[in-house]
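Chemist: Okay, here's the prediction I keep looking at, along with the sequence it came from:
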Amino acid sequence: MGTIYYGGSETPIHIEDRALAHLKVVIATKLRRGESFTLSWRHPEGEPVGRSTIWLHPSIPLRFTFLDPEPALLSREWIEELASSANSSGGIMLVDEHLHAGDVASR
């Protein structure tokens, strides 16, 4: 399970490592361009039921940590899907990866 530490919040945001690796690419790209946006996700098992949203801005400190020391293999399709949602008025909505028959080996 990976973690996002955002701003001065002492509450870490837990997201599965593979999903976090894909989010990191999209978030870094948007912030590098100076763009602000929202990120929404459903709370993982073991946390109170519900969902959360944060406002991401280039001037707010952000740190990603991963449980797995090896970088995940990235799916171009999943990154494109997340990037597309990042450019919408609703911001990034973390969605599950859509696997195709040949994609299982890339996990």
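Modeler: Great, that's in hand.
Chemist: so how far is Trp41 from the residue most central in space within the chain?
Modeler: Of all residues in the chain, the one closest to the mean position by Cα atoms, centre = their mean is Leu23, 2.9 Å from it. For Leu23, the distance to Trp41 equals 9 Å [Cβ to Cβ, to the nearest Å]. All C-beta atoms are positioned from the backbone trio N, CA, C, and that covers glycine.
Chemist: Need the residues touching each of those two.
Modeler: Common contacts of Leu23 and Trp41 (Cβ atoms under 8 Å, 6 or more residues apart in numbering): Ile15, Leu94.
Chemist: Against which helices or strands is the lengthiest helix in the chain packed?
Modeler: Secondary structure of the chain per DSSP state H: the longest helix is helix 17-32. Counting contacts by 3 or more Cβ pairs under 8 Å, 6 or more residues apart in numbering; DSSP states H and E, helix 17-32 packs against strand 2-6, strand 37-42, strand 51-56, strand 62-65, helix 76-86, strand 92-93.
Chemist: one more time with 6 Å, if that's ok
Modeler: Helices and strands touching helix 17-32, by 3 or more Cβ pairs under 6 Å, 6 or more residues apart in numbering; DSSP states H and E, are helix 76-86.
Chemist: ok, back up a step: just the C-alphas of the longest helix of the chain, formatted as PDB.
Modeler: Presented in PDB, the C-alpha positions along helix 17-32 are these (Å, rounded to 0.1, in the frame of the first residue of the first chain):
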ATOM      1  CA  ASP A  17       1.100   0.900  -5.000                       C
ATOM      2  CA  ARG A  18       0.200   0.200  -8.700                       C
ATOM      3  CA  ALA A  19      -2.500   2.800  -8.700                       C
ATOM      4  CA  LEU A  20      -0.300   5.300  -7.000                       C
ATOM      5  CA  ALA A  21       2.400   4.800  -9.600                       C
ATOM      6  CA  HIS A  22       0.000   5.700 -12.300                       C
ATOM      7  CA  LEU A  23      -1.400   8.600 -10.400                       C
ATOM      8  CA  LYS A  24       2.100  10.000  -9.700                       C
ATOM      9  CA  VAL A  25       2.700  10.300 -13.500                       C
ATOM     10  CA  VAL A  26      -0.500  12.200 -14.100                       C
ATOM     11  CA  ILE A  27      -0.200  14.400 -11.000                       C
ATOM     12  CA  ALA A  28       3.400  15.300 -11.700                       C
ATOM     13  CA  THR A  29       2.600  16.200 -15.300                       C
ATOM     14  CA  LYS A  30      -0.300  18.400 -14.300                       C
ATOM     15  CA  LEU A  31       1.700  20.100 -11.500                       C
ATOM     16  CA  ARG A  32       4.700  20.600 -13.700                       C
END
